[in-house]
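In: Fold the stuff below for me.
(one chain, ligands or ions: 2)
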Amino acid sequence: MSTETRLRDQICELAKSLFDRGLTHGSTGNISARTDDGGLLVSPTGTSFGRLDPSRLSHFDASGQLKSGDAPTKEMPLHTAFYDTRSSAGAVVHLHSCHAVALSLLPDLDADSFLPPLTPYGLMKLGKVKLLPFFLPGDPAMGEAVRGLAGKRSAVMLANHGPVVAGKDVEAACNAIEELEDTARLALMTRHMDARALSDDQIQAVVTKFDVEWDQ
Ligand SMILES: O=C(CO)COP(=O)(O)O
Ligand SMILES: [Zn+2]
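Out: Ligands and ions are numbered 1, 2, ... in the order given. As a prediction, the model looks like this:
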């Protein structure tokens, strides 16, 4: 089986796994991954994560030309903004995951660090998550907002919409966005409980030991 065939299958399998666990629903969310030759495989617009067809993924070549497959997600500017600003990005995932969206609706959030530092894996997989304002779905201004971060963040939260995470490959991006959703769930569960977040010393220890992109 060719590397590209394996990548097509992996994108569809992991998207289905996210869908089956309720991390995105209906025809929401989109996913993309770099191919070995510098191109991109992308979920087509209007498709469900539960039923992506490996043979119909939008396939772009390294110059950004659509070579085959169905029309791509309307969030292409968002995806390409991550690839263009983060050389380490091999995949990008966007979900409409319930707890992250719920948290984004609340007042008094820290836009520079949307998720409180609750667990080591939250820090390790995501670094600081930037909260971006509300945009209409498909608005290229979202891509501009991500470009404005100059590659310093791997994860952003679109207010009233959903998270977007870049990772070195599809598995890493999926693991990280699951961490984002679970940390948002913990934040909501413990919101009125005087919960103990990680201390500054604990944060620094995690950041140092696991080489987390934190102070940027
Ligand atoms: O989540 C979505 C828009 O933000 C889904 O849009 P697409 O179906 O175009 O990927
Ligand atoms: Zn969306």
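In: looking at this, Ala111 is in a helix?
Out: No - judged by DSSP: H, G, I helix; E, B strand; the rest coil, Ala111 forms no part of a helix; its state is coil.
In: does any bit of the longest helix anywhere in the chain sit next to ligand 1?
Out: With residue count as the measure and DSSP state H as the assignment, the chain has helix 170-189 as its longest helix. No - contact between helix 170-189 and ligand 1 is absent, the nearest approach being 12.8 Å (criterion: C-beta under 6 Å from any ligand atom). Heads up, the C-betas are built off the backbone N, CA and C, glycines and all.
In: which helices and strands sit right next to that helix?
Out: Using 3 or more C-beta pairs under 8 Å, 6 or more residues apart in numbering; DSSP states H and E as the contact criterion, the neighbours of helix 170-189 among helices and strands are helix 3-20, strand 30-34, strand 91-94, helix 98-104, helix 120-126, strand 155-158, strand 162-167.
In: Let me see the contact set for the residue nearest the centre of the chain.
Out: Here the mean C-alpha position of the chain is nearest to the C-alpha of Val165 (C-alpha atoms, centre = their mean), at a distance of 2.0 Å. Shown in contact with Val165 (C-beta atoms under 8 Å, 6 or more residues apart in numbering): Val92, Val93, His94, Leu126, Ser154, Ala155, Val156, Ala173, Ala176, Ile177, Leu180.
In: distance of the closest residue to Gly138 other than its chain neighbours from ligand 1?
Out: Nearest residue to Gly138 in three dimensions, chain neighbours excluded: Lys74, at 3.5 Å (C-beta to C-beta, 6 or more residues apart in numbering). Computed as C-beta to the nearest ligand atom, to the nearest Å, the Lys74 to ligand 1 distance reads 4 Å.
In: Get me the contact residues on the protein for ligand 1.
Out: Taking C-beta under 6 Å from any ligand atom as the criterion, the chain approaches ligand 1 at residues Ser27, Thr28, Gly29, Asn30, Thr45, Gly46, Thr73, Lys74, Glu75, His94, His96, Pro137.
In: ok, now which ones touch the third one?
Out: For Gly29, the contact set (C-beta under 8 Å, 6+ apart) comprises Ala15, Leu18, Phe19, Ser43, Phe49, Val93, His94, Leu95, His96, Gly162.
In: want to try a markdown table for those, with neighbour count as columns?
Out: Compiled in a markdown table, the contacts of Gly29 are given as follows (neighbours: other C-beta atoms under 10 Å):
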| residue | neighbour count |
| --- | --- |
| Ala15 | 26 |
| Leu18 | 21 |
| Phe19 | 20 |
| Ser43 | 30 |
| Phe49 | 27 |
| Val93 | 33 |
| His94 | 26 |
| Leu95 | 28 |
| His96 | 19 |
| Gly162 | 24 |
